[in-house]
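Novice: following is a predicted model, sequence given first.
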Amino acid sequence: MARDQIDMTPLQSRDELVAWLESGVKDPADFRIGTEHEKTPFTLQGHQPVPYEGARGIGALLEGMKLLLGWEPIMERGNIIGLYDVTGGGAISLEPGGQFELSGAPVETVHQTQSELMAHLAQVREIATPLGIGFLGLGMTPSWSRAQIPVMPKGRYKIMTGYMPKVGKYGLDMMYRTCTVQTNLDFSSEADMVKKLRVSIALQPVATAMFANSPFTEGRPNGFLSFRSEIWRDTDNARSGMLPWAFEDGMGFERWVDYALDVPMYFIKRGEEYVDVSGTSFRDFFAGKNPALPGERPTLSDWANHLSTIFPEVRLKRYLEMRGADGAPWGRLPALPAFWVGLLYDNDTLDAAWDLVRNWTAQERQALRDDVPRFGFKARVKDRYLFEIAKECLKLSHAGLRRRNRIDHIGRDESRYLEPLERIIDCGRTPAEELLDKFNGAWNGSVEAAYSECAF
């Protein structure tokens, strides 16, 4: 979510950390769908990165959006860094390199996700086009070097930028050059959370392959179909990955708390200040032993902020976040929530999906995840190609959405949003492979055409 929490109650016991996660449990009638997507701004003239400052910068874009929408500005040290919809719960925020993110409001149906997305894109265009700004629907910037990309004025990103190179090869690329689309979904009990977490972690590579959309770096093919996914394999392994322990007996909210307590922290926020505590553990902070704030105990806000700096393939907060997909063109974005809602919000499909993956070992899940960025549908698990599993998952998701039977104003259910994925499965190739064909064919070995063909 875009906002740092504001509950400053000091925490007394580990039970409160568990209770905070547990408070996400909802009745299935109250299940919601949240979708977040990032897109890369570029100058329509010359296809360059867009700076924060200036009359045609990202700051000006946010100011224009504020006037148009009437949303509350999120400020940091006098700079507008985001917007918050007090009535609906949606937000607009900035990623480190200016990637423009919509964190959608929690909605009841994928039809509402689609409406929200279309409204957002129309609003953004209204403000961005006169500023000469376009947006790209790819998983990674196709032509810019890291050095070219401006840094947004957010204190937490400064701390992360200093820390990332110490813990992995690609952390700065993740921050400044990638875009994702995510879906956030609810659970009805601890057992339901565990089941959904396991199924969605095991099947995250399916989403990675279907949405693989980052085959170019600095104007050339990079050897991967989802380089964004490859980047996560060497960003910071203490806070990312496939969570093998989540498949062991005894998994639950407490087990997640114990994991999170030991994930190294980045920062502690006090007022406007971001205090750099990178590399220290929340467990020590909890015991009043953080060297930067000796004797001080964390608040619920600190805990919520810390949980938002953990980046596994599926993340638990007070809901589950699906994190395996590359950013995509607008027409494909609602397909991600549709895919996961069909699999996870229908008990029959959830059972069937669990049957698909229950016999995979931790090593097999990891090998599949390691292979998918390069090989896409041709990655294998046991004796099966990922393509076959993806095809089965899509069929299950379709059945789950039909059974959910949430109808739009002309009588269509949510399974219609799977159409872009059905086309991908029908042709048997990832979006990245289609882009590489164009690069080697009609695009004449240049990525420049991506700025029109893959623009929002």
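Specialist: Good, I have the coordinates.
Novice: the longest strand along the chain packs against which elements?
Specialist: Ranked by residue count under DSSP state E, the longest strand found in the chain is strand 33-43. On a contact count with 3 or more Cβ pairs under 8 Å, 6 or more residues apart in numbering; DSSP states H and E, strand 33-43 meets strand 100-103, helix 110-128, strand 133-136, strand 180-185, helix 335-344. Where you see a C-beta, it was placed from the backbone N, CA and C, and this is true even at glycine.
Novice: which of those is buried the deepest?
Specialist: helix 335-344 (a mean of 28; mean count of other Cβ atoms under 10 Å).
Novice: poorly predicted segments of the stretch 151-300 of the chain, please.
Specialist: Of all residues in the stretch 151-300 of the chain, none has pLDDT under 70.
Novice: need the strands for it, in chain order.
Specialist: Ranges of strands in the stretch 151-300 of the chain, per DSSP state E, counting those that start in this stretch, are 180-185, 216-217, 220-221, 240-241, 267-270, 273-276.
Novice: which one of those is the most hemmed in?
Specialist: Sort the strands of the stretch 151-300 of the chain by mean neighbour count, taking mean count of other Cβ under 10 Å, and strand 180-185 sits at the top with a mean of 25.
Novice: show me where the stretch 201-350 of the chain has helices.
Specialist: Taking DSSP state H, counting those that start in this stretch, the helices of the stretch 201-350 of the chain run over residues 227-232, 253-262, 282-286, 300-307, 335-344, 347-357.
Novice: mind checking which of the ones you listed is nearest residue 317?
Specialist: Of all the helices of the stretch 201-350 of the chain, it is helix 300-307 that lies closest to residue 317, at 5.5 Å by Cβ to Cβ.
Novice: between helix 253-262 and the closest one, find me the angle.
Specialist: 80 degrees (axes from the mean of the first three to the mean of the last three Cα atoms, to 10 degrees).
Novice: so which residues make contact with helix 300-307?
Specialist: Applying Cβ atoms under 8 Å, 6 or more residues apart in numbering, the external contacts of helix 300-307 come out as 4-9, 11, 16-17, 20, 260, 263, 265, 267-269, 282, 285, 298, 315-317.
Novice: ok so, going back, could I get the helices and strands packed on strand 33-43 as TSV with distance to residue 416?
Specialist: Rendered in TSV, the data for these read as follows (distance: least, Cβ to Cβ, whole Å):
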stretch	distance to residue 416
strand 100-103	21
helix 110-128	9
strand 133-136	25
strand 180-185	17
helix 335-344	8
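Novice: just list the residues touching residue 171, thanks.
Specialist: The contact partners of residue 171, by Cβ under 8 Å, 6+ apart, come to 160, 163-165, 235-236.
Novice: rewinding a little: and the strands of the stretch 151-300 of the chain: which comes nearest residue 360?
Specialist: strand 240-241 (15.4 Å).
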